[in-house]
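Undergrad: Coordinates only, no sequence provided:
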């Protein structure tokens, strides 16, 4: 992945929202109407949706179902079309696409009504309630970068944040903001925050994440708690059930400051030798 031309560091900023949206979200239902109202009131310049935000979580069962996969793809196609009603200049999220004997989890940007496919999720867990390896296929093995509003965005969808090489390679390719749409439970929230803060600190980038909420019963009990972490590791905001959409200001000057500070001063030009067995 080769670096793209960079926007100059300065005082450019972007108001961006993260959120938590309930399992089973459907365009037109009460939860959707509340979400649209919150966005209208907050008026962010950009917004990150959670992982696969529409319909029920598809990968709760270890048994793949082609009809259920078709329903998941259909509800996401309808949901993507319904995003026209959400008045935000830039929308980011992930959607379910049909694939042979499975689905693809595609990270996308929707800017000015135009859809940009950026990434297909590669890290597919096979855990209780999260049988993604049974339901999804890796698709294209690329991580796309997208410039918007003086910032460069890249996806690390959910579990991909847990792989340190993902964040490091994306930032070295020029990413300023790692977008982490999640579908995770409350039990592991401390782990998520630890990894998000460490990723921001050692790479000098923003880490933004929106998460699924609700569920339970036949699907996992999702934990909500979308978050935004600054390049120095500071937690800028967290969502809650009472405040499910929060807006933070991304700052190029803050990025530049973090990248001039420790530990980036020791790692910016470090090329480690390959380990050799003795």
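TA: Yep, that arrived. In this text, all values refer to a predicted model and were calculated from it rather than measured experimentally.
Undergrad: where exactly do the strands run in the stretch 151-278 of the chain?
TA: Per DSSP state E, counting those that start in this stretch, the stretch 151-278 of the chain carries strands over the ranges 151-155, 177-179, 206-209, 211-215, 221-223, 227-229, 235-238, 245-251.
Undergrad: okay if I get those strands as JSON lines plus mean pLDDT, distance to residue 88 and mean neighbour count?
TA: In short, each C-beta sits where N, CA and C put it, glycine included. Output for these, formatted as JSON lines (pLDDT from 0 to 100; distance: least, C-beta to C-beta, whole Å; neighbours: other C-beta atoms under 10 Å):
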{"stretch": "strand 151-155", "mean pLDDT": "98", "distance to residue 88": "14", "mean neighbour count": "26"}
{"stretch": "strand 177-179", "mean pLDDT": "98", "distance to residue 88": "14", "mean neighbour count": "27"}
{"stretch": "strand 206-209", "mean pLDDT": "98", "distance to residue 88": "14", "mean neighbour count": "28"}
{"stretch": "strand 211-215", "mean pLDDT": "94", "distance to residue 88": "18", "mean neighbour count": "24"}
{"stretch": "strand 221-223", "mean pLDDT": "95", "distance to residue 88": "23", "mean neighbour count": "20"}
{"stretch": "strand 227-229", "mean pLDDT": "98", "distance to residue 88": "16", "mean neighbour count": "26"}
{"stretch": "strand 235-238", "mean pLDDT": "98", "distance to residue 88": "17", "mean neighbour count": "16"}
{"stretch": "strand 245-251", "mean pLDDT": "98", "distance to residue 88": "11", "mean neighbour count": "20"}
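Undergrad: Which of those sits closest to residue 63?
TA: Closest approach to residue 63 among these (C-beta to C-beta): strand 211-215, 18.6 Å.
Undergrad: What separation do you get for residue 241 and residue 21?
TA: From residue 241 across to residue 21, the span is 11 Å (C-beta to C-beta, to the nearest Å).
Undergrad: what residues do those two have in common as contacts?
TA: Common contacts of residue 241 and residue 21, defined by C-beta atoms under 8 Å, 6 or more residues apart in numbering, comprise residue 213.
Undergrad: Looking at the two, which one has more neighbours?
TA: Per other C-beta atoms under 10 Å, whichever of residue 241 and residue 21 has more neighbours is residue 21, with 27 against 11.
Undergrad: hmm, back to that, just put the strands of the stretch 151-278 of the chain in JSON lines and tack on distance to residue 75.
TA: Converted to JSON lines, those look like this (distance: least, C-beta to C-beta, whole Å):
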{"stretch": "strand 151-155", "distance to residue 75": "21"}
{"stretch": "strand 177-179", "distance to residue 75": "22"}
{"stretch": "strand 206-209", "distance to residue 75": "22"}
{"stretch": "strand 211-215", "distance to residue 75": "14"}
{"stretch": "strand 221-223", "distance to residue 75": "17"}
{"stretch": "strand 227-229", "distance to residue 75": "26"}
{"stretch": "strand 235-238", "distance to residue 75": "28"}
{"stretch": "strand 245-251", "distance to residue 75": "21"}
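Undergrad: which one of those lies closest to residue 52?
TA: strand 211-215 (7.9 Å).
Undergrad: now what about the closest one, what contacts it?
TA: The contact list for strand 211-215, computed with C-beta under 8 Å, 6+ apart, reads 20-24, 50-53, 57, 181-184, 221-226, 239, 241, 244.
Undergrad: same thing but 7 Å
TA: With contact meaning C-beta atoms under 7 Å, 6 or more residues apart in numbering, strand 211-215 is reached by 20-23, 50-51, 57, 182-184, 221-226, 241.
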